[in-house]
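S.K.: Output the structure for:
(2 chains)
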Amino acid sequence: MTRGRMPKLVIGVVLLAAAVLLPFPVNRAQPYYLQLTLNIFVFATLALSWDILARTGQLSLAHAAFYGLGAYTSVLVTTRAGVPVFAGILLGSLVAVVAAAGLGVLTLRLRGIYFAIATLAFSESLRVLTKQLRFTGGPAGLIAPPLLAGNLPAQYLVILGILLLAVLVSWQVNRSRWHFAFTAIRTNEEVAAVMGVDVVRFKVMAFAISAFFAGLTGAYYAHVFLFISPFEAFSLAVSVGALVAPIFGGLYSAVGPLLGAVVLRAGEEVLRAALGDGFLIIYGLILAGVILYMPRGLVGLWTAFAARRRQPAARTGRGVP
Amino acid sequence: MLIFGVLRSGLYSLTSVGLALSVGVIGIVNFAHGEFLMVGAYLGYWLFVSYGIDPLVAIPLGALGLFALGGVVYRTSIQRVLQAPELNQMLLTFGISIFLQNLAIILWTGDPRTAAISYKAKAVALGPFTVGFPQLVVFALAMALTLGLYLVLGRSRIGKAMRAVAQSRLGSSLIGIEVDRIYVLAFGLSTALAGTAGLMIALQLSASPFIGLLYTLKAFAIIVIAGLGNIHGVIYASLVLGLSEAFVEFYVPQGGGWSEGVFFVLILAVLIVRPRGLFR
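M.R.: Numbering: from 1, shown residues only, chains lettered A, B, ... in the order given. Presented below is the predicted three-dimensional model:
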């Protein structure tokens, strides 16, 4: 190990220890902050999962669909079939994966805007379906059994684990050969295919991984929030959040979505107090502003800043979200 | 049932023809299209409540206002991403859409506003059937405007220039068409059409911040059915959507709720089976 990496490792271990141990005192003093952190982690996991799919050039507006599918499956099997909550959550994410693989195969030929519209249509159809069907509780929604008997610090540790897993997967994908396959597909699908990249396999795989985490967080959050309805589980706000955070933070990395999610959610909490229902306005502004003025997000800003400090004449490349 | 379906399709085609114009001429898939419609609906409500101006009379006013708004939005944002990747353009308009929707929530709260217009509930006998008077008027006006747009595109100099730009940006600038001006015009016209449809909604139903997304999606469904950028297929595609919605409402139990899903299923089906659209 080089000298430069030692401090980083130490910092990482200290941060992790703090993340694991802090909830206990915080929960006694200020449970609100623990709840907020938990929300941020849910949001960050969603953002990471969206980013993994985006690396293959597939811009999904269907993350609410996987999130909602996970939530509904888990709540239905735990309340109706008596399955334990943990197994229900896993089952929920599996259903999301199966649905994603199906949708992925169906939409393989679609690109860009067509793909986005198709995924949006898929997500909204599911919302109408759950609203209309009897066994999903209709528009009134369903009550969900609590995870770990409602113990907040324990629930926090679960989502911390999920988030770490998502970071690990996102990071690992970028370090492995998959990274090149994903990038090649995103940049030019035909060229990728000619160079021997199995486009279909990688696209469906990215879809499945992405949906797994979306379904997992959806199911998890259902058992923390204790209630699900078609309007919340399949809401467009979920899909929008999942895509704004990575774009704001910086695409195609593990750091960007994480950073974007933390900054956005924390800022949202302040804005929600100030603006009430219209707080989403900031998402619109950020989305438009980022596209227009900083196409590589917060991470891009930082690298540009760091590069300028090292060598003043350094120029940054063109960003392509 | 047929009549309901047909009447409804008038408003749909007016909404979608604007989107088709923006997609066809500029190549921008505008996710904020429905939000311009929403702004139009609020404008109609506000003009009626504050000044007692009938939404029908306010149409030229609203169209002008929305044209200006569209121009401003184009100049400040859309113009800058014309050469950018398609996804950037889409995300930008998506951002504008979220922005406008939540601005409306902040300004006017989330509750729907209904303008109490004297002839709102009036009905007219049409042969053996009875139909709502506003619905009939809206249908006639919407159809007239849509057909008028076809005429403008087909005959006038501006229309021909727009079609030329749609075919080739470079080619038309070579023969002396000011492409940039045409783009502003086309985008303004597109938002003005959405605003007009919005005024008609204020007349028929009510204004709420959330109608925008619904109409954006329906307009998407229609232009996808017609084939992206195909302006002439829009009328037929609107008929397909209007009729299938009416069909579901009448023949499926609890059809009112299911009909919301019709256009999603149509989009999915058309995109998967025949992504080029049905009408070309």
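
S.K.: Restricting to C-alpha, output the helix or strand in which residue A:303 is found in PDB.
M.R.: In the assignment (DSSP states H and E), residue A:303 maps to helix A:297-310. Taking Å, rounded to 0.1, in the frame of the first residue of the first chain, the C-alpha atoms of helix A:297-310 are listed here in PDB:
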ATOM      1  CA  GLY A 297     -22.500  18.100 -12.400                       C
ATOM      2  CA  LEU A 298     -20.900  18.800  -9.000                       C
ATOM      3  CA  VAL A 299     -18.200  16.200  -9.600                       C
ATOM      4  CA  GLY A 300     -17.400  18.000 -12.900                       C
ATOM      5  CA  LEU A 301     -17.100  21.300 -11.100                       C
ATOM      6  CA  TRP A 302     -14.800  19.800  -8.500                       C
ATOM      7  CA  THR A 303     -12.500  18.100 -11.100                       C
ATOM      8  CA  ALA A 304     -12.300  21.400 -13.100                       C
ATOM      9  CA  PHE A 305     -11.500  23.300 -10.000                       C
ATOM     10  CA  ALA A 306      -8.800  20.800  -8.900                       C
ATOM     11  CA  ALA A 307      -7.300  20.700 -12.400                       C
ATOM     12  CA  ARG A 308      -7.100  24.500 -12.600                       C
ATOM     13  CA  ARG A 309      -5.300  24.500  -9.200                       C
ATOM     14  CA  ARG A 310      -2.800  22.000 -10.300                       C
END
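
S.K.: pLDDT weak spots in the chain?
M.R.: Just going to use chain A. Low-confidence segments of chain A, defined by pLDDT under 70, are located at A:1-6, A:26-28, A:276-278, A:311-321.

S.K.: meant chain B, my bad for not saying
M.R.: Chain B contains residues with pLDDT under 70 at B:1, B:110, B:115-131, B:229, B:253-257, B:275, B:277-280.

S.K.: what about the helices in it?
M.R.: For chain B, the helices identified by DSSP state H occupy B:2-21, B:33-51, B:59-76, B:86-108, B:133-155, B:157-167, B:169-174, B:179-204, B:211-226, B:234-251, B:255-273, in order along the chain.

S.K.: now those helices as JSON lines including mean neighbour count and distance to residue A:103?
M.R.: (Glycine included, C-beta is placed from N, CA and C.) Supplementary listing: the helices of chain B in JSON lines, determined by neighbours: other CB atoms under 10 Å in any protein chain shown; distance: least, CB to CB, whole Å:
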{"stretch": "helix B:2-21", "mean neighbour count": "25", "distance to residue A:103": "25"}
{"stretch": "helix B:33-51", "mean neighbour count": "24", "distance to residue A:103": "24"}
{"stretch": "helix B:59-76", "mean neighbour count": "19", "distance to residue A:103": "33"}
{"stretch": "helix B:86-108", "mean neighbour count": "22", "distance to residue A:103": "19"}
{"stretch": "helix B:133-155", "mean neighbour count": "17", "distance to residue A:103": "34"}
{"stretch": "helix B:157-167", "mean neighbour count": "18", "distance to residue A:103": "32"}
{"stretch": "helix B:169-174", "mean neighbour count": "14", "distance to residue A:103": "34"}
{"stretch": "helix B:179-204", "mean neighbour count": "25", "distance to residue A:103": "30"}
{"stretch": "helix B:211-226", "mean neighbour count": "26", "distance to residue A:103": "17"}
{"stretch": "helix B:234-251", "mean neighbour count": "21", "distance to residue A:103": "23"}
{"stretch": "helix B:255-273", "mean neighbour count": "19", "distance to residue A:103": "9"}
